[in-house]
Structures are given as structure tokens and as C-alpha cells.
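Asker: sequence below, structure please.
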Amino acid sequence: MSELLGRRLRALRRLKRLTQHDLASEVGISVSMLSTIERGSKYPRVDLIKKFARVLDVPLEDLFVLPENNVAKHS
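Answerer: Numbering: from 1, shown residues only. Predicted structure coming up:
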């Protein structure tokens, strides 16, 4: 689950044209912590997930939904 969340977070961050530094700064964590989360090595706390959603301006559930073409590949 953490790997899927990490990939989704990275995709949304890039879609919003934010660097890791930008996003990490906005949510109050280090770039290395964000990198660890995006790689799926660490699962963030719920409050941090909520901050990601707020900063990325997406509904919370968007962090857990993969686009249709990715779902088909993993089914």
C-alpha cells in the first residue's frame, strides 16, 4: 500500500509542477522524508496525508486512487 501511495503522491506532485523541496516545505517535512515516502519505504501518518491532500488541492481519496490504465495492469 505504501508503494502505491508513494507513486500516486509523486504523480500528483509532478502534475502540480511542484518539486520535492516545494512539497516538503509546504507540509513541514524534509526532502529526504518525502523521498522515502514517494519510494514507498515509509508510510506517512494520517495527519501528514491530509496535509499532502490540502497542499496538492485534491480530495483525500485521490491519494489512494490509481488512474484506470494502471488499475488494469495490476488486476
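Asker: mind listing the strands for the protein?
Answerer: Using DSSP state E, no strands are found in the chain.
Asker: the bottom helix or strand of it by mean pLDDT?
Answerer: helix 68-74 (a mean of 49; mean pLDDT, DSSP states H and E).
Asker: now what about stretch 45-53, what contacts it?
Answerer: L5, L9, L23, E26, V27, G28, I29, P44, P59, L60, D62, L63 (Cβ atoms under 8 Å, 6 or more residues apart in numbering). Any C-beta I mention is one placed from the backbone N, CA and C, and that applies to glycine too.
Asker: distance of the nearest residue to the fifth one once chain neighbours are set aside relative to L18?
Answerer: If I follow you right, that is V27. Setting aside the residues directly before and after it, V27 is nearest to K51 in space (Cβ to Cβ, 6 or more residues apart in numbering), at 4.2 Å. In this view, K51 and L18 are 13 Å apart by Cβ to Cβ, to the nearest Å.
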